[in-house]
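1. Mind looking at a prediction? Sequence and model below.
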Amino acid sequence: MSAAKTFELVDTTLRDGEQQAGLVFSMREKLTLAKALDRAGIRCIEAGIPAMGSFEQQTMRELIKLRLNARLIAWNRANRSDILASVACGFSWIHISLPVSDLQIRDKLAKNREWVLRALSQTIAFARAQGCRVTVGAEDASRADLGFFLKFAEVAAQSGAERIRFADTVGCLEPFSAYEKLKQAGERCPLPIEFHGHNDFGLALANTLAAKEAGIPYASCTISGIGERAGNACLQDVAAMLNRNDPGCCAVDTAELARAEAIIPPPRNDLSGLKIS
């Protein structure tokens, strides 16, 4: 498989980016960021996690009222209550995420592979019954058995999902292994793959570019690479490299992204006054 002719960047600043220690967006900041990303040409924005509580849900409703050109997606665990919270906010696109590595299935969920596949199928069916379109996330895919990742993708496709996220959750890939793993996965996967790289070893940008060379058509990033632990692939850097090396494959305005970067507040050292609903 040759390099992807088009490479769509999915922004997850408002969801994964906000998981950076000490970083909390106000509603106004989230709305302003979403509008800036929309102006920059980002066509898919992971808006947040409605199951987090009433403040997040209120913010999600206000984001939907903006009627952006960008598609807004709500992130969900594989359970009905998460999905119902997203539907109540007005989302028509739902992302459902589950671990696929044996390590996380055992230690995070205390379940087994069969349970994961069953939960995946049931929650996709439930989301679609609410009138939603669905993407799925394969957490810790970089440490998972490829055969099980592909089985997970097969069940997702059969259940009606439209895209699958291959997550390098702990940032353990390097560009050579990223290319090989994603090339093999892409050639056999029944769904389009979105690569999601974390930056624990400083390789999220390189791994994201390797994903494109392996033929993967989507990648998720955050403004300035913010996110939990060492963060994610930096949206501005990925877009700049694509515009430099393969003009036309990614229609994103880097000048607008620079303006979006200025909206990000500095992390707070003291969060004791925050109310979590």
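-> Done, it's in.
2. and the helix or strand containing residue 29, what's its mean pLDDT?
-> Per DSSP states H and E, residue 29 falls inside helix 27-40. What helix 27-40 shows for mean pLDDT is 96.
3. tell me what it is packed against?
-> Identification of packing neighbours for helix 27-40 by 3 or more CB pairs under 8 Å, 6 or more residues apart in numbering; DSSP states H and E yields strand 44-48, helix 54-65, helix 254-261. From N, CA and C alone the C-beta is placed, and that goes for glycine too.
4. Contacts for the last one next, please.
-> If I follow you right, that is helix 254-261. Residues outside helix 254-261 that contact it (CB atoms under 8 Å, 6 or more residues apart in numbering) are 33, 36-37, 39-41, 223-224, 235-236, 239-240, 243.
5. cool, and the shortest one?
-> Contacting residues not belonging to strand 44-48 are listed as 8-12, 14-16, 18, 30, 34, 37-38, 56, 59-60, 63, 68, 70-75, 91, 95, 220 [CB under 8 Å, 6+ apart].
6. Among the residues you listed, name the ones in helices.
-> 30, 34, 37, 38, 56, 59, 60, 63 (DSSP state H).
7. Quick check: which ranges of this structure have low pLDDT?
-> Applying pLDDT under 70 to the chain picks out residues 1-2, 4, 269-277.
8. in the stretch 51-200 of the chain, which spans are strands?
-> Taking DSSP state E, counting those that start in this stretch as the test, the strands found in the stretch 51-200 of the chain are 71-77, 93-99, 133-139, 164-168, 193-197.
9. Pick the most buried one from those strands.
-> strand 193-197 (a mean of 28; mean count of other CB atoms under 10 Å).
10. can you state the direction angle for that strand and strand 44-48?
-> Interaxial angle, strand 193-197 versus strand 44-48 (axes from the mean of the first three to the mean of the last three CA atoms, to 10 degrees): 60 degrees.
11. Residue 39 and residue 261: what is the separation?
-> 13 Å (CB to CB, to the nearest Å).
12. List the contacts of residue 57.
-> 50, 85, 88, 89.
13. one more time with 10 Å, if that's ok
-> 48, 49, 50, 51, 74, 85, 86, 88, 89, 90, 277 (CB atoms under 10 Å, 6 or more residues apart in numbering).
14. farthest-separated two in those?
-> Within the contacts of residue 57, 90 and 277 form the most distant pair, 18.7 Å apart (CB to CB).
15. Look at those two and report which has more neighbours.
-> In this view residue 90 and residue 277 are compared by other CB atoms under 10 Å, and residue 90 has more residues nearby, 15 against 9.
16. Surely the more buried one and residue 63 touch.
-> Yes. Using CB atoms under 10 Å, residue 90 is in contact with residue 63, at 9.2 Å.
17. what do those two both touch?
-> Residues touching both residue 90 and residue 63 by CB under 10 Å, 6+ apart: 72, 74.
18. can you give me the helices in the stretch 101-250 of the chain?
-> For the stretch 101-250 of the chain, applying DSSP state H, counting those that start in this stretch gives helices covering 102-107, 113-129, 146-159, 175-188, 204-213, 235-245.
19. Quick one: the ones you listed as JSON lines, columns for mean neighbour count too.
-> JSON lines is the format used below for these (neighbours: other CB atoms under 10 Å):
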{"stretch": "helix 102-107", "mean neighbour count": "15"}
{"stretch": "helix 113-129", "mean neighbour count": "18"}
{"stretch": "helix 146-159", "mean neighbour count": "18"}
{"stretch": "helix 175-188", "mean neighbour count": "18"}
{"stretch": "helix 204-213", "mean neighbour count": "26"}
{"stretch": "helix 235-245", "mean neighbour count": "19"}
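20. Can you tell me which of these is nearest to residue 196?
-> Closest approach to residue 196 among the helices of the stretch 101-250 of the chain is made by helix 204-213 (8.9 Å; CB to CB).
21. Keeping just the C-alphas, turn that closest one into PDB.
-> Output in PDB follows, covering the C-alpha atoms of helix 204-213 (Å, rounded to 0.1, in the frame of the first residue of the first chain):
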ATOM      1  CA  ALA A 204       4.200  11.100  17.900                       C
ATOM      2  CA  LEU A 205       4.900  13.400  14.900                       C
ATOM      3  CA  ALA A 206       7.200  10.900  13.300                       C
ATOM      4  CA  ASN A 207       4.800   8.100  13.900                       C
ATOM      5  CA  THR A 208       1.900  10.100  12.500                       C
ATOM      6  CA  LEU A 209       3.900  10.800   9.300                       C
ATOM      7  CA  ALA A 210       4.800   7.100   9.100                       C
ATOM      8  CA  ALA A 211       1.100   6.200   9.400                       C
ATOM      9  CA  LYS A 212       0.400   8.300   6.300                       C
ATOM     10  CA  GLU A 213       3.300   6.600   4.400                       C
END
